[in-house]
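Asker: build me a model from this:
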Amino acid sequence: MQQRCEALLADLGIQVDSHPVSVEPLTGGVGSDIAMVDMGDRKLCVKFALPKLKVAEDWFAPVHRNRAEYEWLNLVTQVAPANAVKLLGRSETHHGFVMEYLDGDDVYLWKSSLLSGRISHNEADLLGDLLGKIHLASTLSSFDTSPFQNMDDFIALRIEPYLSFTANRCPKHAQQLEQLASQLANSNRVIVHGDVSPKNIFFHHGKPLILDAECATMGDASFDCAFLINHLALKAVHLPDIRDTLVQSINIFWSAYVKQVSWESRTELESRICHLLAGLLLARVDGKSPVEYLNPTEQQRVRDISSTLFQIQPENMKEWCKQFSNCLAS
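Answerer: Next up is the predicted model:
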């Protein structure tokens, strides 16, 4: 890892010979090698895409997705600079890029905060507003979509492992899951981050920063919204002490996000999100990338909730949260 980091820094013209460079691998996602590089006078974060993801099942994806992630992060610097991480360059040769390393008392990872039982409605409100602004920017006529024509990658990284794979494991809901997969694969309207998850969201000076955009593509905005809401829902299953607060945060996130929606019918987008959530809940226990914090009893509860939501099919977020809460209470 040290040699790869030094080669990347040298390729980008970032000085390495004036200070000893130490490299500390970082934990995080399953799709990349990430490290903190100590330059002596500053710390940097480097990221390389992996051809095979670090999960139990065979899961492969092209390493050129590293470019889409860098381009997505660069978009945020233009749309919401206060919510952007500083980028220092990307190498096509090494399929890696360098950005600032987030550190300090005013930085926290949202996943860690949630799992410890700490949550603020302000966080969901800020995230909804930020994601809505990013999606909206990608629908403007001036936006260059060419770096984000990556649906094949999105299928490999998200649709196949989350929906198609789960359909093979869960024949009861196979038809519904495949319909959701087809809907996502045939959309090209809005930029999709693809992994808007608490594990990829830092709060810095009270503002959200969304990282790990290696799935970025033009697609259906419903995926990003449903992906984040799904994580809040899963944590509501796992954390009964803050369950009501988490469900309230889902509504707050949606209320902030939907204010930005002007590229399509808000009602139609909301309906697609609600339908997709049933599939994503099931995917995070029976897909290729199950969440690690649910015990077997909680996993079965998620299956039962997913089955109920597939049957009821709520059409709006208020009704979805009501039905989800009813399932939790039963």
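
Asker: show the pLDDT at residue 57.
Answerer: We have a pLDDT of 49 for residue 57.

Asker: er, residue 247 I mean
Answerer: 97.

Asker: then residue 36?
Answerer: pLDDT, residue 36: 89.

Asker: now it: phi and psi?
Answerer: Torsion angles at residue 36 (phi, psi; degrees, to the nearest 10) stand at phi -100, psi 130.

Asker: likewise for residue 207?
Answerer: Dihedral angles for residue 207 - degrees, to the nearest 10 - are phi -110, psi 140.

Asker: tell me the helix or strand right after the helix ranked longest in the chain.
Answerer: Assignment by DSSP state H gives helix 266-286 as the longest helix of the chain. Sequence order places helix 296-312 as the next helix or strand after helix 266-286, per DSSP states H and E.

Asker: so who does the spatially most central residue of the chain touch?
Answerer: Against the mean C-alpha coordinate of the chain, by Cα atoms, centre = their mean, the closest residue is residue 195 at 1.7 Å. With contact taken as Cβ atoms under 8 Å, 6 or more residues apart in numbering, residue 195 is in contact with 29, 212, 213, 214, 215, 227. Any C-beta I mention is one placed from the backbone N, CA and C, and that applies to glycine too.

Asker: could you redo the last one with a cut-off of 10 Å?
Answerer: Neighbour list for residue 195: 29, 31, 69, 157-158, 201, 210-216, 223-224, 227-228 [criterion: Cβ atoms under 10 Å, 6 or more residues apart in numbering].

Asker: quick one: distance of stretch 109-117 to the chain centre.
Answerer: Chain-centre distance of stretch 109-117: 15 Å, with Cα atoms, centre = their mean, to the nearest Å.

Asker: same check, this time on stretch 292-305
Answerer: Distance, stretch centre to chain centre, for stretch 292-305: 21 Å (Cα atoms, centre = their mean).

Asker: need the contact partners of it.
Answerer: Here stretch 292-305 makes contact (Cβ under 10 Å, 6+ apart) with 111, 115, 170, 172-173, 230, 233-239, 277-278, 281-286, 290-291, 323-324, 326-328, 330.

Asker: on that earlier part again, what does the pLDDT read for the residue nearest to the centre of the chain?
Answerer: Reported pLDDT for residue 195: 95.

Asker: tell me how far it lies from residue 130.
Answerer: Taking Cβ to Cβ, to the nearest Å as the measure, residue 195 falls 15 Å from residue 130.

Asker: now swap in residue 313 and tell me
Answerer: For residue 313 relative to residue 130 (Cβ to Cβ), the value is 29 Å.

Asker: for residue 217, phi and psi?
Answerer: Torsion angles, degrees, to the nearest 10, at residue 217: phi -160, psi 160.

Asker: gap between it and residue 167?
Answerer: Computed as Cβ to Cβ, the residue 217 to residue 167 distance reads 21 Å.
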